[in-house]
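Participant: How does the following fold in three dimensions:
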Amino acid sequence: MLEKNKYKNAVWPRRVVQIVLMLGSLAFVGCFQKNEVALEKIGESEDSDFRVVAISYPLQYLTGRIAGDSIAVDCPVPPDIEDPSRWKPSREAVLEMQAADLVIANGVGADYAKWLPKISLSETKLCRTASKGLSLSDYIAVENVTMVHSHGPEGKHSHPTMVSRTWLDPAVAKKQAVYISEQLTKKYPQFAAEFSKNLTALIKDLDRLTNLLQPLPGRSRVSLVTATPKQKFLARAAGAGDLHLTWFAMPDVEQASLNLKSLLEGADVTEGVVLFDRELPSAEILAVLEGHGCRSLSLDLIDQPPETGDFLSSLESNIIALKKALDN
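Facilitator: Residues are numbered from 1 along each chain as shown. I've put the predicted structure just below:
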């Protein structure tokens, strides 16, 4: 009897051990499954944290149109900066750009952001959007102009000036958009179909603006003189030539009159439109222009997001105003 009870007591602990081991295994499997779910969620959050930085508002707009809702596209320049090309980024802004997957910039001909070459940024993530379809000479605004200003022993001369607001020409903006789409697709191939669809819609909008720039049939256009080189890409897109006037070199009304007269006579211009950036000059300067048969027009450089609308609608407004001034 004693031996029998001894046997039963010996079997019971083994059953307890088996049950404990089985429960422990289930707990381990359940914990492992929970960890797998947690890791999947972490992976999903990381995958959704794609981020691209554009160095200007126009490039941010073009990239954002292509990226859609899949990629966050930021611009580090604060909206209250008057001239973003000369903005100086903070340490935090530099770190954000360094942490981005791609940095959408312009071209080697003339970097829009004067600060960009001064920061440490991997070339592997730098997308130079104007590097295809444009040569170095395309960026030169003042070339072979008879007289722009004079100083020192050189006398009357001009300095070749590089400009970088390529996106003011919708045809060039289209080339940039195509290159942006290519680079986004290389970086995020899983979104290739969405990028292609969005690019097609963007190209349709830009082509419409390019066609809008063309002269009206049977109507000649007056000459266009840009007061600064910044609007050069838009002026060339309108087929209005390459006459430029370094307005900042005009210290007074008398000098303005002499410079303008020399430029117009040298180019055989008897009537024209002088294009200014953002704001018109003083009433005295406007009177000088009118005295030489020129009307004045100011257009937005679209360096920053407009109060209403977006880059595309602002560019369309510029084109409509310029076309109205040029088409007689």
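Participant: Show me where the chain has its helices.
Facilitator: Under the criterion DSSP state H, the chain carries helices at the ranges 2-47, 57-67, 91-99, 170-187, 192-213, 232-237, 253-266, 283-291, 311-326.
Participant: Which secondary structure elements does the fifth one sit against?
Facilitator: When you say that, I think you mean helix 192-213. Under the contact criterion of 3 or more Cβ pairs under 8 Å, 6 or more residues apart in numbering; DSSP states H and E, helix 192-213 touches helix 57-67, helix 170-187, helix 311-326. Every C-beta, even on glycine, is put in place using the N, C-alpha and C of the backbone.
Participant: just those: most buried one?
Facilitator: helix 57-67 (a mean of 25; mean count of other Cβ atoms under 10 Å).
Participant: Summarise which helices and strands that helix is packed against.
Facilitator: strand 51-54, strand 72-74, strand 102-105, helix 170-187, helix 192-213, helix 311-326.
Participant: Mean confidence (pLDDT) on the last one, please.
Facilitator: Averaged across helix 311-326, the pLDDT comes to 95.
Participant: and the angle from it to helix 170-187?
Facilitator: Going by axes from the mean of the first three to the mean of the last three Cα atoms, to 10 degrees, helix 311-326 is angled at 160 degrees with respect to helix 170-187.
Participant: Give me the distance between Val77 and Thr308.
Facilitator: 20 Å (Cβ to Cβ, to the nearest Å).
Participant: which of the two has more neighbours?
Facilitator: Shown here are Val77 and Thr308; by other Cβ atoms under 10 Å, Val77 has more neighbours (22 against 7).
Participant: since we're on the closest residue to that one other than its chain neighbours, how many residues are nearby?
Facilitator: Excluding its sequence neighbours, the residue lying closest to Val77 (Cβ to Cβ, 6 or more residues apart in numbering) is Pro84, at 4.3 Å. By other Cβ under 10 Å, the residues close to Pro84 number 21.
Participant: Going forward, count from 53.
Facilitator: Okay, residue one is now 53; in that scheme the one you just asked about reads as Pro136.
Participant: Pro136 against Leu353, yeah?
Facilitator: No: applying Cβ atoms under 8 Å, one finds Pro136 not in contact with Leu353, separated by 9.7 Å.
Participant: circling back: including distance to Asp153, could the helices and strands packed on helix 244-265 go into a markdown table?
Facilitator: Formatted as a markdown table, these follow (distance: least, Cβ to Cβ, whole Å):
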| stretch | distance to Asp153 |
| --- | --- |
| helix 109-119 | 11 |
| helix 222-239 | 6 |
| helix 363-378 | 22 |
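Participant: mind checking which of these is nearest Leu265?
Facilitator: Proximity to Leu265 (Cβ to Cβ) singles out helix 363-378 among these, at 5.5 Å.
Participant: The closest one versus helix 109-119: what angle between them?
Facilitator: Interaxial angle, helix 363-378 versus helix 109-119 (the same axes, to 10 degrees): 120 degrees.
Participant: In terms of secondary structure, what does helix 363-378 contact?
Facilitator: So helix 363-378, by 3+ Cβ pairs under 8 Å, 6+ apart, packs with helix 109-119, helix 222-239, helix 244-265, helix 284-289, strand 324-329, strand 346-351.
Participant: As JSON lines, the ones you listed with distance to Gly318 and mean pLDDT would be great.
Facilitator: Shown next, in JSON lines, are these (distance: least, Cβ to Cβ, whole Å; pLDDT from 0 to 100):
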{"stretch": "helix 109-119", "distance to Gly318": "33", "mean pLDDT": "97"}
{"stretch": "helix 222-239", "distance to Gly318": "28", "mean pLDDT": "95"}
{"stretch": "helix 244-265", "distance to Gly318": "26", "mean pLDDT": "97"}
{"stretch": "helix 284-289", "distance to Gly318": "17", "mean pLDDT": "89"}
{"stretch": "strand 324-329", "distance to Gly318": "13", "mean pLDDT": "88"}
{"stretch": "strand 346-351", "distance to Gly318": "15", "mean pLDDT": "91"}
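Participant: Distance to Val305 added to the ones you listed, as CSV?
Facilitator: Putting the helices and strands packed on helix 363-378 into CSV (distance: least, Cβ to Cβ, whole Å) gives the following:
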stretch, distance to Val305
helix 109-119, 34
helix 222-239, 36
helix 244-265, 33
helix 284-289, 25
strand 324-329, 14
strand 346-351, 14
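Participant: So for Ile372, which of these sits nearest?
Facilitator: Ile372 sits nearest to helix 244-265 of all these, at 7.3 Å, using Cβ to Cβ.
Participant: how about that closest one: buried residues?
Facilitator: Buried residues in helix 244-265, counted by 16 or more other Cβ atoms under 10 Å: 246-247, 250-251, 254-255, 257-258, 261-262, 265.
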